[in-house]
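Asks: Here's my sequence, what's the structure:
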Amino acid sequence: MAGCGPMGRAAKPIPEQIKKVSGHMRPGPRNLITDVPGLLVGNAEDAVVRSGSTVLLGERAFTAAVHVMGGAPGTRETDLLAPDKMVQDVEAIVLSGGSVYGLDAVGGVVDGLRAMGRGLAIHNLRVPVVPGAIIFDLINGGNKDWDVNPYPALGRAALAAVGQDFALGTVGAGFGATTLNLKGGLGSASAVLDSGFTVGALVIVNALGSATVDGGRHFWAAPWELNGEFGGLGLPATFPASHDPLPGKRLGEATTIAIVATDAAMSKAEVQRMATAAHDGMARAIVPSHTPYDGDLVFGVATGERPIADPHVDPFTIGHAASAVLARAIARAVFHARAMPGDLQPAWSGLPR
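Replies: Predicted structure coming up:
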């Protein structure tokens, strides 16, 4: 029956608020994920190893979920983020370079949080719950011939460095990140909605695909750009007839990992839906995305500071904003990457104009 939804029910009309959602966003004061009140970010890197770690810390524990669409993820403590699992809140989320070695950055953050008295209170113990994910940056030109795994110390250093302001590009877990044709990096962006909710994104771009059109200066994410935040170039006047789908990296050498966050009060299931919607932003900003060679995933975070007023409209607009903000953050990561001696790829800033 035309116009009917599942089981033959008539489809509901789309609320006017949803029809008007596009274009009703403005960047927060920092244009960073820390515009979401109660969130802090810290970064640490090792220039010799050419890698680093990044921590998103809540001033108090927050609701978190995750959605994975890449074929080669590397994670820790993500199973417990499913809506049916017992743990409801986590203390922090770690993004790290280092592939399997980088997962130990989470241990460094856990140790640091315990020393701070953070975590679940169990008898006389504190047990910090900290999920994490990694990118593969082991063959980016850095010296990986270490005797002691550097990532626990990098994780703890990133925790010690948390604050509301942080740099973009070649920092933290994005220090040694690459893409198909350009240096990757760490990106972030935020949006304040007409409803008053704030949505932010934090991303490490280490993709098999490209963030720019045909290897040039124009970003795929251009339709979502606000206030010239990654050059204001718009889309190119003409597009290539086809895009080469062949991978520029080998199996498992890629991955874009991200966090999208809001100050809304949401359940784990609602946060997971926000993270799922945010993957649209990844696909808008990186071509191709979600390949068998990438470990692409998005964590979702809700701090619970603002109640949901309309259970139909607010989750929709927040999810849409999460996808737009993530697309912008991805472009900003590549836009702010800086050239360094020993680079295997050029930085965006060095491309011919």
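Asks: So Ser323 sits against Gly281, correct?
Replies: Yes. Under the criterion of Cβ atoms under 8 Å, Ser323 lies in contact with Gly281, with a separation of 3.8 Å. Just so you know, the C-beta spots here come from the backbone N, C-alpha and C atoms, and that holds for glycine as well.
Asks: Neighbour count: the two, which is higher?
Replies: Gly281 (29 against 25; other Cβ atoms under 10 Å).
Asks: Direction included, what does the biggest strand by length in the chain pair up with?
Replies: The longest strand of the chain (DSSP state E) is strand 51-68. Looking at strand 51-68 with DSSP bridges, its partner strands are strand 39-46 (antiparallel), strand 89-96 (antiparallel), strand 297-306 (antiparallel).
Asks: from the chain's centre, how far out does whichever helix or strand comes after it sit?
Replies: Once strand 51-68 ends, the next helix or strand along the chain (criterion: DSSP states H and E) is strand 75-76. Chain-centre distance of strand 75-76: 15 Å, with Cα atoms, centre = their mean, to the nearest Å.
Asks: now the closest residue to Gly74 other than its chain neighbours: how far from Asp314?
Replies: Taking Cβ to Cβ, 6 or more residues apart in numbering as the measure, Gly74 lies nearest to Ile134, with 4.3 Å between them; neighbours along the chain are not counted. Using Cβ to Cβ, to the nearest Å, we find Ile134 at a distance of 33 Å from Asp314.
Asks: Name the residue in these two with the higher neighbour count.
Replies: Neighbour tally, Ile134 and Asp314, criterion other Cβ under 10 Å: the higher count belongs to Ile134, 31 against 23.
Asks: isn't the more buried one right up against Ala254?
Replies: No. With contacts counted by Cβ under 8 Å, Ile134 stays clear of Ala254, the gap being 11.8 Å.
Asks: Can you work out which residues contact both of these two?
Replies: Gly295 (Cβ atoms under 8 Å, 6 or more residues apart in numbering).
Asks: Extract the residue ranges of the stretch 151-300 of the chain that are flagged as low pLDDT.
Replies: Counting by pLDDT under 70, the stretch 151-300 of the chain shows low-confidence ranges at 240-252.
Asks: now the helices for it?
Replies: Residue ranges of the helices in the stretch 151-300 of the chain, as given by DSSP state H, counting those that start in this stretch, are 151-160, 268-285.
Asks: how about the ones you listed, which one is nearest Gly58?
Replies: Distances from Gly58 to each of the helices of the stretch 151-300 of the chain were compared using Cβ to Cβ; the minimum, 12.1 Å, belongs to helix 151-160.
Asks: relative orientation of that closest one and strand 89-96 in degrees?
Replies: 120 degrees (axes from the mean of the first three to the mean of the last three Cα atoms, to 10 degrees).
Asks: Can you spell out which helices and strands pack onto helix 151-160?
Replies: Counting contacts by 3 or more Cβ pairs under 8 Å, 6 or more residues apart in numbering; DSSP states H and E, the secondary-structure elements packed against helix 151-160 are strand 39-46, strand 51-68, strand 89-96, helix 104-115.
Asks: The longest one: which residues count as buried?
Replies: Buried residues in strand 51-68, defined by neighbour count with 16 or more other Cβ atoms under 10 Å: 51-58, 61-68.
Asks: Can I get that strand in PDB? Just the C-alpha atoms.
Replies: What follows is the C-alpha trace of strand 51-68 in PDB, where atoms were taken according to Å, rounded to 0.1, in the frame of the first residue of the first chain:
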ATOM      1  CA  SER A  51      53.000   8.400  16.600                       C
ATOM      2  CA  GLY A  52      50.900   9.400  19.600                       C
ATOM      3  CA  SER A  53      47.700   9.100  21.700                       C
ATOM      4  CA  THR A  54      44.600  11.100  22.300                       C
ATOM      5  CA  VAL A  55      42.200  11.000  25.300                       C
ATOM      6  CA  LEU A  56      38.700  12.300  25.600                       C
ATOM      7  CA  LEU A  57      37.900  12.700  29.300                       C
ATOM      8  CA  GLY A  58      34.700  13.600  31.000                       C
ATOM      9  CA  GLU A  59      34.700  15.900  34.000                       C
ATOM     10  CA  ARG A  60      32.300  13.100  35.200                       C
ATOM     11  CA  ALA A  61      31.400   9.700  33.700                       C
ATOM     12  CA  PHE A  62      29.400   9.800  30.500                       C
ATOM     13  CA  THR A  63      27.100   7.500  28.500                       C
ATOM     14  CA  ALA A  64      28.900   6.000  25.500                       C
ATOM     15  CA  ALA A  65      28.300   3.600  22.600                       C
ATOM     16  CA  VAL A  66      30.100   2.600  19.400                       C
ATOM     17  CA  HIS A  67      29.300   1.600  15.800                       C
ATOM     18  CA  VAL A  68      31.900  -0.100  13.600                       C
END
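Asks: And the buried residues of strand 51-68, which two are furthest apart?
Replies: Farthest-apart pair in the buried residues of strand 51-68 is Ser51 and Thr63; separation 29.6 Å (Cβ to Cβ).
Asks: If we ignore the residues flanking it in sequence, what's nearest Asp79?
Replies: Closest residue to Asp79 in three dimensions, ignoring its sequence neighbours and counting by Cβ to Cβ, 6+ apart: Lys85, at 6.9 Å.
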